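> How does the following fold in three dimensions:
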Amino acid sequence: MGSMPGVASLKAYQYYGNPRNYLWRIVYALYGNGKEVDAEYEDRLAFALSHGIALWDVIASCERPGSLDSDIKKAIPNDVPGLLRRFPDIRVIACNGTKSHSELLKHFGAHPEILSRKVLRMPSTSPIPTRDYRGLEDRVEAWRAIKNV
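You can find the predicted model right below:
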């Protein structure tokens, strides 16, 4: 679960459409056995789906100048419990970053559909370095946790 697509993703009409974002490189590093990230977006989606990965955002709409999660205001959530009812085989919710995780718990943390799944707060796949995550390699290592649940 992401928070809300950034400007580049919205313009491209793609999840993680900013070529600098690490999400696709992380997915392929974890599941691709050395395979390069597919150039075509539809092929990346098919690759993710073939490995049981679905993509969606916690936030349906918000006010935000630019792409920073810290600038999100007036967030309106997607119906995450409804999605989980519709797809009961989803076992794990991996939140891409702190904002995604905090919005999920703020709006739905006590909901039975959320409580019945494992919720992971993963480091953001944004290329912006943080104190704990400087680049792709350390994020890939952290995201390996999704393979152990």
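> This structure: strands as residue ranges?
Here the chain has its strands, by DSSP state E, at 59-63, 73-77, 92-96, 118-122.
> Dump those strands into CSV; add mean neighbour count as well.
All C-beta spots, glycine's among them, are computed from the backbone N, C-alpha and C. Shown next, in CSV, are the strands of the chain (neighbours: other Cβ atoms under 10 Å):
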stretch, mean neighbour count
strand 59-63, 15
strand 73-77, 13
strand 92-96, 21
strand 118-122, 16
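> For residue 106, see how far away the residue nearest to residue 135 when sequence neighbours are not counted is.
Nearest residue to residue 135 in three dimensions, chain neighbours excluded: residue 129, at 6.9 Å (Cβ to Cβ, 6 or more residues apart in numbering). Separation of residue 129 from residue 106 (Cβ to Cβ, to the nearest Å): 26 Å.
> do the same with residue 87
In this view, residue 87 and residue 106 are 22 Å apart by Cβ to Cβ.
> and if you look at residue 118?
Taken as Cβ to Cβ, the span from residue 118 to residue 106 is 19 Å.
> Equivalent analysis for residue 65, please.
22 Å.
> circling back: and the residue nearest to residue 135, what pLDDT?
On the pLDDT scale, residue 129 is placed at 87.
> And for it, the neighbour number?
10 (other Cβ atoms under 10 Å).
> That one and residue 139 touch, don't they?
No - the criterion here is Cβ atoms under 8 Å, and residue 129 misses it with residue 139 at 10.3 Å.
> quick one: the nearest residue to residue 62 once chain neighbours are set aside and residue 35, what's the gap?
In this structure, residue 62 finds its nearest non-sequential neighbour in residue 75, 4.3 Å apart by Cβ to Cβ, 6+ apart. Residue 75 is 35 Å from residue 35, where distance means Cβ to Cβ.
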